[in-house]
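Chemist: turn this into a structure:
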Amino acid sequence: MNKKRLIIFGIGLAMTFLIVSYLRRDSPGLHHIQGQTMGTIIYNVKYVDSEINGLDQMIAQKLVDFNQSLSTYIPDSEISRLNKQGTLTYESNFFLPVLEASQEVYENTNGTFDPSIGPLVQAWGFGPDKRIPNLDSTKVDSLKSVIGFGKVRFDREKVSLPPKFQLDFSAIAKGYAVDAVAELLESKDIDNYMVEIGGEVRCRGKNDQEKPWALGIEDPTVASNEQELMAIVRLKDLSLATSGNYRNYYEKEGKIYAHIIDPRTGYTAKHNLLSASVFAENCMMADAYATAFMVLGLDYSKEILKAQNLDAILIYRSENGIESFVSEGIRPFLEMNKAGGN
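Modeler: Below you'll find the predicted structure:
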């Protein structure tokens, strides 16, 4: 990659596997802002323009406000109070858009993207306490009765939950935060930028070398510390989010349980898809669809890509080994290092 230094950014709440190419800091007009958000997640903002004084503080404050709205780890956040009270009148500009996006993807993916799935995720041992579960079909059926985003009611002023429901936007939050920062940059008339949060990325314009921003897709079959690239893609005016299920699992009584839970069945998803990297105009939608694809598997994901006019790289395991599907729209901008696309 023209001898640029690659740094792997950490796996976030939705399991991303993206490597972002760092450009030289001493390049004319290139500015780099880095910080930390959502606990331990690192964010990186690069833009090509005249330096804007105080932009780092503006970005940091934007992310503080974002978390105060949508973080379930903050006891008095909007979403935490919604989950306690069952109803909420919006106080920020963040809440309604994430509800609307979630409803759209929920409907377009036959309910496989579902922000109300938290009780099932916790019960299967992938919540904060990481306890290995002892579930039977009766318990699973009971939990299914308190999930289903289609039962959530909201309008332009407030949102209401059915009894015992809980919402958690962790599978869409990083992508949404990327968009929030990107929109801040655009409000300052910055036309050339890359915003990355925990591996989810949105790019606009070109880098300081007058080329599209170069990003790498990590090989999902190697250990996280090996940092091998499966592909390199150059993005302009596009977002990218990646989800996978191969590094967050546990074994119990000889069976492997992956962290991707199918809200329609209440059980872990079982298919051969290893990772989904989705390209969309905004990062929130890319993040949501990448999560849904890890529930749907390879064939159904292909159908949704076509129906929704999205692009993706889907890496999967077949009888021939590791292979990949690359949609037509992204092929001109992609260089595969391994598992050539078909």
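Chemist: now residue 181: which helix or strand?
Modeler: Per DSSP states H and E, residue 181 falls inside helix 170-187.
Chemist: between helix 170-187 and the helix or strand following that helix, find me the angle.
Modeler: Moving toward the C-terminus from helix 170-187, the next helix or strand (DSSP H and E) is strand 193-197. Interaxial angle, strand 193-197 versus helix 170-187 (axes from the mean of the first three to the mean of the last three CA atoms, to 10 degrees): 150 degrees.
Chemist: buried ones in strand 193-197?
Modeler: By neighbour count on 16 or more other CB atoms under 10 Å, the buried set for strand 193-197 is 193, 194, 195, 196, 197. Bear in mind the C-beta positions are built from the backbone N, C-alpha and C, glycine included.
Chemist: could you give the mean pLDDT of the helix or strand containing residue 316?
Modeler: Using DSSP H and E, the element containing residue 316 is strand 311-318. Mean per-residue pLDDT for strand 311-318: 92.
Chemist: direction included, what does that strand pair up with?
Modeler: strand 273-280 (antiparallel), strand 321-326 (antiparallel) (DSSP bridges).
Chemist: least confident of those strands, on average?
Modeler: Mean pLDDT values for those show the minimum at strand 321-326, a mean of 90.
Chemist: and the next helix or strand after it, what does it pack against?
Modeler: Next in sequence after strand 321-326, counting helices and strands by DSSP H and E, comes strand 334-336. For strand 334-336, the packing partners by 3 or more CB pairs under 8 Å, 6 or more residues apart in numbering; DSSP states H and E come out as strand 229-235, strand 321-326.
Chemist: so which bits of strand 334-336 are buried?
Modeler: Buried-residue list, strand 334-336, by 16+ other CB under 10 Å: 334, 336.
Chemist: with stretch 266-275 instead?
Modeler: Buried residues in stretch 266-275, counted by 16+ other CB under 10 Å: 266, 268, 269, 271, 273, 274, 275.
Chemist: from the chain's centroid, how far away is the helix holding residue 181?
Modeler: Here the centre of helix 170-187 is set off from its chain's centre by 11 Å, with CA atoms, centre = their mean, to the nearest Å.
Chemist: for it, packing partners?
Modeler: strand 41-48, helix 55-70, helix 95-108, strand 193-197, strand 200-204, strand 238-244, helix 283-296.
Chemist: confidence score at the most centrally placed residue in the chain?
Modeler: Nearest to the geometric centre of the chain sits residue 287, at 3.4 Å (CA atoms, centre = their mean). Per-residue confidence for residue 287 comes out at a pLDDT of 97.
Chemist: so who does it touch?
Modeler: Applying CB atoms under 8 Å, 6 or more residues apart in numbering, one finds that residue 287 lies in contact with 14, 171, 172, 173, 174, 175, 176, 200, 241, 243, 278.
Chemist: how near is it to residue 75?
Modeler: Distance from residue 287 to residue 75, counting by CB to CB, to the nearest Å: 25 Å.
Chemist: make JSON lines from the strands paired with strand 311-318 and add distance to residue 189 to it.
Modeler: JSON lines is the format used below for the strands paired with strand 311-318 (distance: least, CB to CB, whole Å):
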{"stretch": "strand 273-280", "distance to residue 189": "24"}
{"stretch": "strand 321-326", "distance to residue 189": "35"}
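Chemist: out of those, deepest packed?
Modeler: strand 273-280 (a mean of 27; mean count of other CB atoms under 10 Å).
Chemist: mind listing residues that contact that strand?
Modeler: By CB under 8 Å, 6+ apart, strand 273-280 touches 17-18, 217, 220-221, 235, 238-246, 286-287, 289-290, 293-294, 296-298, 301, 310-317, 322, 329-330.
Chemist: so what's residue 263 up against?
Modeler: Counting by CB under 8 Å, 6+ apart, residue 263 touches 111, 112, 114, 116, 117, 120, 144, 147, 148, 295.
Chemist: just residue 102 next, same as before
Modeler: When contacts are taken as CB under 8 Å, 6+ apart, residue 102 is in contact with 113, 115, 149, 169, 172, 288.
Chemist: which one of those residues is nearest residue 45?
Modeler: Distance to residue 45 across the contacts of residue 102 (CB to CB) is lowest for residue 172, with 20.0 Å.
Chemist: got a pLDDT number for that closest one?
Modeler: Looking at residue 172, the pLDDT reads 95.
Chemist: I'd say it and residue 100 touch.
Modeler: No - here residue 172 lies out of contact with residue 100, judged by CB atoms under 8 Å, at a distance of 11.5 Å.
Chemist: who has more neighbours, the two?
Modeler: When residue 172 and residue 100 are compared for neighbours, residue 172 comes out ahead with 29 against 12, by other CB atoms under 10 Å.
Chemist: what sits against that one?
Modeler: Taking CB under 8 Å, 6+ apart, one finds 14, 98, 101, 102, 113, 115, 284, 287, 288, 291 in contact with residue 172.
Chemist: wait, residue 72 sits on residue 79?
Modeler: Yes - proximity of residue 72 to residue 79 meets the contact threshold set by CB under 8 Å, at 5.8 Å.
Chemist: more neighbours: which of the two?
Modeler: A count of neighbours by other CB under 10 Å puts residue 79 above the other of residue 72 and residue 79, at 26 against 19.
Chemist: neighbours around residue 302, how many?
Modeler: Neighbour count of residue 302, defined by other CB under 10 Å: 16.
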